[in-house]
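A.B. asks: what shape does this take:
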Amino acid sequence: MRGEALRAVAAAGGAAVVRAAGTDAWADVRERTAGLFGGGAERQQVLDALDRTRAELAAGGGAADAGAQWRDRFARRLDGPDGTERLRFIGGLAELAAEAGPAAAGAGGGATVQGDLSVRAERGAVAGVFQGSVHLENPRPPGADQG
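C.D. replies: Sure thing, here's the model as predicted:
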């Protein structure tokens, strides 16, 4: 899997953790996220970090910062060697992101959007990970007064 795609999966996972904090889905997302990291001490560290994230968000902490922290944690795990364990992690993270609700997450830190998102590109392309419906159309040609 290419680096850009892995960063997008990590960003979507980070956004999923943030979206779930403070919702009825939290307990499930918390357990599933910790389960991605295996068992033992590492699992407990992840559970503790998740609890800190939820507390910080409840106290008014920045969702963007929290999402970036989880994106980076997921990305570090994805940097490991190829193999069955890495594929399991990628699959679990993608499922977690997909089930946590609608979002668009950019690989470079990105944004989480609930609802409609309008994107306009001129002389280029649009790339990203989108969950939900996407409708792309060509821009209208400029009018005579626009040169």
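A.B. asks: tell me what the helix or strand where Ala11 lies is packed against?
C.D. replies: Counting by DSSP states H and E, the element that carries Ala11 is helix 3-20. Here helix 3-20 touches helix 26-36, helix 40-58, helix 63-78, helix 84-99, strand 104-105, strand 129-130, going by 3 or more CB pairs under 8 Å, 6 or more residues apart in numbering; DSSP states H and E. Where you see a C-beta, it was placed from the backbone N, CA and C, and this is true even at glycine.
A.B. asks: got the angle between the third one and helix 40-58?
C.D. replies: Put simply, helix 63-78 runs at 160 degrees to helix 40-58, going by axes from the mean of the first three to the mean of the last three CA atoms, to 10 degrees.
A.B. asks: alpha carbons only: can I get helix 63-78 in CSV?
C.D. replies: Extracted in CSV, the C-alpha atoms of helix 63-78 (Å, rounded to 0.1, in the frame of the first residue of the first chain):
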residue,chain,number,x,y,z
ALA,A,63,-10.4,18.1,18.2
ALA,A,64,-7.9,18.8,15.5
ASP,A,65,-5.0,18.3,17.9
ALA,A,66,-6.5,15.1,19.2
GLY,A,67,-7.1,13.8,15.7
ALA,A,68,-3.6,14.6,14.7
GLN,A,69,-2.2,12.8,17.7
TRP,A,70,-4.1,9.6,16.9
ARG,A,71,-3.3,10.0,13.2
ASP,A,72,0.4,10.1,14.1
ARG,A,73,0.1,7.1,16.5
PHE,A,74,-1.7,5.1,13.8
ALA,A,75,0.9,6.2,11.2
ARG,A,76,3.8,5.0,13.4
ARG,A,77,2.2,1.6,13.7
LEU,A,78,1.6,1.5,9.9
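A.B. asks: average pLDDT for it?
C.D. replies: For helix 63-78, mean pLDDT is 94.
A.B. asks: and for it, what are the contacting residues?
C.D. replies: Contact partners of helix 63-78, identified using CB atoms under 8 Å, 6 or more residues apart in numbering, comprise 6-7, 9-11, 13-15, 17-18, 21, 36-37, 49, 53, 56-57, 86, 89-90, 93, 105, 109, 112.
A.B. asks: got it, and the first one?
C.D. replies: Defining contact as CB under 8 Å, 6+ apart, one finds that helix 26-36 is touched by 13, 16-17, 20, 43, 46-47, 50-51, 54, 77, 89, 92-93, 96, 100.
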